[in-house]
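Asks: Pasting the sequence and the predicted model now:
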Amino acid sequence: LSLESLPPSAQPNHFNLIRLVAASAVIVSHSFGLAANRADPLQVLTGFDLGTTAVLAFFAISGFFISLSFDRRSSAAAFIVARVTRIVPALLVCSLVTAFIVGPLFTASDRYFRETSVWLYPAQVTSIVRIMAAHLPAMLLHNPHPGEVDTSLWTLFYEVACYAGLFAAGLIGLLRRFRLFLPLAALLYALGRYGPWHELNQFAIFGLPFLVGMWAYRYRLLNGWAALALVLAAAIAATAGYRLEELWSLAVAYGVLWLGFA
């Protein structure tokens, strides 16, 4: 959590710890699929996997702090530079290490460095737009999901899309008129999640917790009893076999934001 992301007046918070726990939860969740080819315990119990739940938490936190970052920036260019420098350098290092250190160790290809995909990999990953098309040849073929490497990076595309949506809303003044923005965002969510355009489905799924984070930043209405009620309702419904995705997403997002400042 960088200094630019700290709440006004440097209010103490627990978001470093929450991010660490969420990142660890993604690793644990993926390990069940990679090592045992089965669902993680949370998914068995509720129908919602631990990794996706952790990603919902990340998006909620981003919604809050990217809203804060937008308000703190003196210009549109400054906001864009802040976002690029926050993501791209680390992503570039990650992609270079994956392609040129991890790749040669775990590929089954005897002509690894002759493959065009190896040399394109860092550029595709750091472009964000092509991140889901990036791949390395003959990787980890013994795994239950052969050929996959660093696939958890795919959510960055939707993260950046949320940044772009917030940026566009800010430029046209909707963030200053949040009561007008909310119904518009709800309509876009419904169209993306339940409309005929299936390619928009993931935008809606990850956009909802991001929107909760934006709402929490604007109104600062975080109440422990409300968070507990939402989490209990979502948990009871899920364990009873009712897969209410919106309720689960709202409970995770609101609960994490309340916990971050508790």
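Replies: That came through, no problem.

Asks: and the helix or strand where Ala229 lies, how far out from the chain's middle?
Replies: If you go by DSSP states H and E, Ala229 is part of helix 224-239. Relative to the centre of its chain, helix 224-239 is centred 22 Å away, using CA atoms, centre = their mean, to the nearest Å.

Asks: model confidence over the very next helix or strand once past that helix, on average?
Replies: For helix 224-239, the following helix or strand on the C-terminal side (DSSP H and E) is helix 245-261. Mean pLDDT, helix 245-261: 96.

Asks: for helix 245-261, packing partners?
Replies: Under the contact definition 3 or more CB pairs under 8 Å, 6 or more residues apart in numbering; DSSP states H and E, helix 245-261 sits against helix 15-31, helix 50-72, helix 201-219, helix 224-239. For every residue, glycine as well, the C-beta is placed using N, CA and C.

Asks: Residues in contact with the first one: which ones?
Replies: For helix 15-31, contacts defined as CB atoms under 8 Å, 6 or more residues apart in numbering pick out 1, 5, 40, 42-43, 49-55, 57-58, 61, 65, 152, 256, 259-260.

Asks: just the buried members of the residues you listed?
Replies: 5, 40, 42-43, 49-55, 57-58, 61, 65, 256, 259-260 (16 or more other CB atoms under 10 Å).

Asks: Give me the number of neighbouring residues for the residue lying closest to Ala251 once chain neighbours are set aside.
Replies: Using CB to CB, 6 or more residues apart in numbering and skipping the chain neighbours, the partner closest in space to Ala251 is Ala234 (3.7 Å). Ala234 is flanked by 24 other residues according to other CB atoms under 10 Å.

Asks: Tell me which residues touch Ala234, please.
Replies: Taking CB under 8 Å, 6+ apart as the test, what Ala234 contacts is 244, 247-248, 250-252.

Asks: If you count neighbours, what's buried in whichever strand or helix holds Val125?
Replies: Assigned by DSSP H and E, Val125 belongs to helix 116-127. By neighbour count on 16+ other CB under 10 Å, the buried set for helix 116-127 is 118, 120-122, 124-126.

Asks: still on that earlier bit, put together TSV for the helices and strands packed on helix 245-261, with mean pLDDT and distance to Phe181 on each row.
Replies: Output for those, formatted as TSV (pLDDT from 0 to 100; distance: least, CB to CB, whole Å):
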stretch	mean pLDDT	distance to Phe181
helix 15-31	94	24
helix 50-72	95	11
helix 201-219	94	8
helix 224-239	96	22
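
Asks: Could I get the ones you listed in CSV, plus columns for distance to Arg130?
Replies: Formatted as CSV, those follow (distance: least, CB to CB, whole Å):
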stretch, distance to Arg130
helix 15-31, 22
helix 50-72, 20
helix 201-219, 16
helix 224-239, 35
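
Asks: Figure out which of those is closest to Leu96.
Replies: Among the helices and strands packed on helix 245-261, the nearest to Leu96 by CB to CB is helix 15-31 (20.3 Å).
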